[in-house]
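S.K.: Next one to model:
(one chain, ligands or ions: 1)
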Amino acid sequence: MQRWNGWGDDSIYLDLSVRGLRILHDLIGEGQNRPDYPLENFIERIPESRLNPHPLISFDPKLRLDHAHGQSLPDWIGFRGGTLQRFPDGVALPTTVEEIQDLLRFAISNKIVVIPYGGGTSVVGHLEVPETSRPVLSLSLERFNRLVGLDSDSRLATFEAGIRGPQIEHQLNSRGFTLGHYPQSFDYSSLGGWVVTRSSGQQSKHYGRIEQLFAGGDVLTPRGSLKLPPFPASAAGPDLRQILLGSEGRMGVLTNVVVKIVALPEKDDVYGVFFPSWERAVHVAQILAGTDICFSMMRLSNPAETMTNLALAGDGRQTALLVRYLRLRGISVKEACMCLVGFTGSRRLTAAARRAAFSIMRRYKGIFVGKPMGNAWKKNRFQSAYLRNTLWDLGYAVDTLETAITWDKVTPVMRAIEKALHEALKPDHQRIHVFSHLSHVYSSGSSIYTTFLFRLSETPAKTLEAWKRLKWEASQTITAAGGTISHQHGVGTDHKKYMAAEKGPIGIQTLEKIFNYFDPEHLMNPGKLLPEDRGQKAEMNSDFGMGNAEKGAGDRSQTQEGEKQLTE
Ligand SMILES: Cc1cc2nc3c(=O)[nH]c(=O)nc-3n(C[C@H](O)[C@H](O)[C@H](O)COP(=O)(O)OP(=O)(O)OC[C@H]3O[C@@H](n4cnc5c(N)ncnc54)[C@H](O)[C@@H]3O)c2cc1C
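M.R.: Numbering: from 1, shown residues only. Okay, the predicted model is just below:
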């Protein structure tokens, strides 16, 4: 069963090795287990619903609690510490497009805020319930999850948007195909969620990010229904699919999704390589990313992450053997950088790619440790997220930050982010354990993925305060250096204040106008993505009986037109 106050299935528990725990104590001090806020207390606290009855809407308090959050660290503090304050007034679990249309019509005519809910794995506050005088409906796509059609000639598959990773691959693999989109949240996140948050899978170098896999689909917006046909290519003006990608529920509900699929690969192997220093390792990554060698993934850990991975690895004996072997080959474990590199596709092409990549890696003193490390990673690729549960129980919070930046800045920015995190809580004498890896490399640059661990404070409010400072310092560093505020996790509430730095004033206004057009009454997931909270502004204006300054006089009637279209 899915854990109500943590990650994943409650029958799975990952232990931390004694050695790993000892190292963590040495690095940042002993964590204090904080008692969990009981489920019964939440259930008692869920307020009366403000929604009128509707046959598709449930008011069940546990369901409302489950749909009140995602998986960000503030969400965790909220559900484990009991500080979660706002809950949707109801949850709908539609199973057909007609039911979704019906729910949107109901929302429009009753001025209900709608938060589309995919798999609930957002890590940036996408699903936070806004403070609003309007009722809030969580429109969950969990049961809207079937394969609608598969065109093997065109290599296109159409799915209902709520389908999750394992179901997608199950449907496709049995027909000889794959989508190949594997975010670490694969087991729980949904296809619709991937599209509207611009998600990136672990093998995106081979299969493409979701932007490349998304071919088209249908979006139900308060303005009406928008169809995005899966043209193989088009020169007919700007691509409207790009507006939906990254729209985070603000435009409407993505219903059917058409994706590009490929034949199942003959080979899908991951190899482990160690480099003697970060400088050499990053140089190799940059060279490889600039070639036409077809590797499917590269995950390059810096020395701190390599040390952490080796320390947390369950089998101490094997790790000791590996360390000894590396030392014999002239690699000091303090400077070692672990690199996982994958090759996916036909036997012939993967063999050629592997030979070419390994020859470059060898030139930079890469030491190969073969497939066992890669196999271990493949086996645990979706399981390591369970460590969040274990660490929290031991009194530690863990979070990740990510950006993407051009090659010239990768190393200085990674170091600056780590420094900012190390220093953020120094005034409180809190030590932070920080480590990074590059996980998606491009010819022009790379993503930087930084993980940080710190001890839980005495109260949830203080833990949240500590997280806010850490996040602020790191995000400021990223934007000041010209990195994107998000490589794959999206914007939600946690990143929206940094959006202006990335898009500029005209960019922000353009996005506002677009979302305003689709959703003139600001019903769709307000308060997310854009720096100014349009939802609150709309509410203030309607409270004072004013029209929104940005809204044309005809907007209400246009929403009525949308309502009519949804009926047709
Ligand atoms: C442990 C862990 C690991 C992760 N690893 C990765 C990773 O490797 N790569 C990556 O890209 N992300 C990763 N994420 C982040 C997260 O999984 C992605 O952002 C994912 O795309 C969210 O999908 P979801 O279905 O869970 O969406 P939700 O969390 O339910 O919703 C996210 C946003 O999408 C909107 N939305 C969802 N479905 C629809 C729809 N059908 N129509 C309109 N709007 C909709 C919601 O309103 C919300 O704004 C990870 C998260 C966790 C917790």
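
S.K.: Would you enumerate the residues in contact with the residue lying closest to residue 490 once chain neighbours are set aside?
M.R.: Nearest in space to residue 490, with sequence neighbours left out and distances taken as CB to CB, 6 or more residues apart in numbering, is residue 197 at 3.8 Å. For the C-beta atoms, the positions are set from N, CA and C on the backbone; glycine is no exception. Contacts were defined as CB atoms under 8 Å, 6 or more residues apart in numbering; by that measure residue 197 touches 122, 126, 246, 248, 488, 489, 490.

S.K.: Could you find the closest non-adjacent residue to the residue in the stretch 1-150 of the chain that the ligand sits nearest to?
M.R.: Proximity to the ligand, evaluated over the stretch 1-150 of the chain using CB to the nearest ligand atom, is greatest for residue 118 at 2.5 Å. Nearest residue to residue 118 in three dimensions, chain neighbours excluded: residue 193, at 3.0 Å (CB to CB, 6+ apart).

S.K.: Are we agreed that that neighbour is in a helix?
M.R.: Yes: the assignment for residue 193 is a helix, going by DSSP: H, G, I helix; E, B strand; the rest coil.

S.K.: count of residues packed around it?
M.R.: Taking other CB atoms under 10 Å as the criterion, the count of residues near residue 193 is 31.

S.K.: That one contacts residue 123, correct?
M.R.: No: under the contact definition of CB atoms under 8 Å, residue 193 does not touch residue 123, with a separation of 11.5 Å.

S.K.: So what does residue 259 look like in phi/psi?
M.R.: With angles defined as degrees, to the nearest 10, residue 259 sits at phi -130, psi 160.

S.K.: This protein against the ligand: which residues are in contact?
M.R.: Residues of the chain lying close to the ligand by CB under 6 Å from any ligand atom are 70-71, 115-123, 126-127, 141, 161, 183-185, 189-190, 192-194, 196-197, 199-200, 248-249, 253-254, 385, 488-490, 525, 528.

S.K.: In helices, which of those residues appear?
M.R.: 192, 193, 194, 196, 197 (DSSP state H).

S.K.: Which positions in the host helix or strand of residue 509 come out as buried?
M.R.: In this structure, residue 509 sits in helix 499-518 according to DSSP states H and E. By neighbour count with 16 or more other CB atoms under 10 Å, helix 499-518 contains the buried residues 499, 501, 502, 503, 508, 511, 512, 515, 516, 517, 518.

S.K.: Name the nearest of the residues you listed relative to residue 370.
M.R.: Closest to residue 370 out of the buried residues of helix 499-518 is residue 502 (41.1 Å), distances taken as CB to CB.

S.K.: Just the terminal-to-terminal distance for stretch 282-301.
M.R.: In stretch 282-301, first residue to last residue: 10 Å (CA to CA, to the nearest Å).

S.K.: Check the spacing between residue 112 and residue 52 real quick.
M.R.: Here residue 112 is placed at a distance of 9 Å from residue 52 (CB to CB, to the nearest Å).

S.K.: Among the two, which residue is more densely surrounded?
M.R.: Looking at residue 112 and residue 52 with other CB under 10 Å, you find the greater number of neighbours at residue 112, namely 25 against 12.

S.K.: Now do the phi/psi pair for the more buried one.
M.R.: Note on residue 112: its backbone torsions stand at phi -100, psi 130 [degrees, to the nearest 10].

S.K.: what's near enough to touch the residue of the stretch 201-350 of the chain found nearest the ligand?
M.R.: As assessed by CB to the nearest ligand atom, the ligand sits closest to residue 249 within the stretch 201-350 of the chain, at 2.7 Å. Each residue near residue 249 by CB under 8 Å, 6+ apart is listed here: 114, 115, 116, 126, 196, 524, 525, 528.

S.K.: Quick one: neighbours of residue 118, just the number.
M.R.: Number of residues near residue 118 (other CB under 10 Å) recorded here: 29.

S.K.: a markdown table please, covering the contacts of residue 197 and showing pLDDT, neighbour count and distance to residue 217.
M.R.: Listed next are these as a markdown table, based on pLDDT from 0 to 100; neighbours: other CB atoms under 10 Å; distance: CB to CB, whole Å:
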| residue | pLDDT | neighbour count | distance to residue 217 |
| --- | --- | --- | --- |
| 122 | 98 | 28 | 20 |
| 126 | 98 | 30 | 19 |
| 246 | 98 | 20 | 14 |
| 248 | 98 | 23 | 16 |
| 488 | 96 | 23 | 20 |
| 489 | 97 | 25 | 22 |
| 490 | 98 | 24 | 18 |
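
S.K.: Turn the residues you listed into TSV, including distance to residue 133.
M.R.: Supplementary listing: the contacts of residue 197 in TSV, determined by distance: CB to CB, whole Å:
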residue	distance to residue 133
122	24
126	22
246	29
248	23
488	34
489	30
490	27
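
S.K.: Run through the residues that contact the one residue in the chain that gets nearest to the ligand.
M.R.: Taking CB to the nearest ligand atom, the ligand has its nearest neighbour within the chain at residue 193, 2.1 Å off. Residue 193 is in contact with 118, 119, 121, 122, 199, counting by CB under 8 Å, 6+ apart.

S.K.: For the first one, give me the backbone phi and psi.
M.R.: This points to residue 118. Residue 118 adopts backbone torsions of phi -100, psi -90, taken as degrees, to the nearest 10.

S.K.: can you name the farthest residue from the center of the protein?
M.R.: With CA atoms, centre = their mean as the measure, the chain has its most outlying C-alpha, relative to the mean C-alpha position, at residue 328: 39.8 Å.

S.K.: Test for you: state the pLDDT assigned to that residue.
M.R.: For residue 328, the model assigns a pLDDT of 93.
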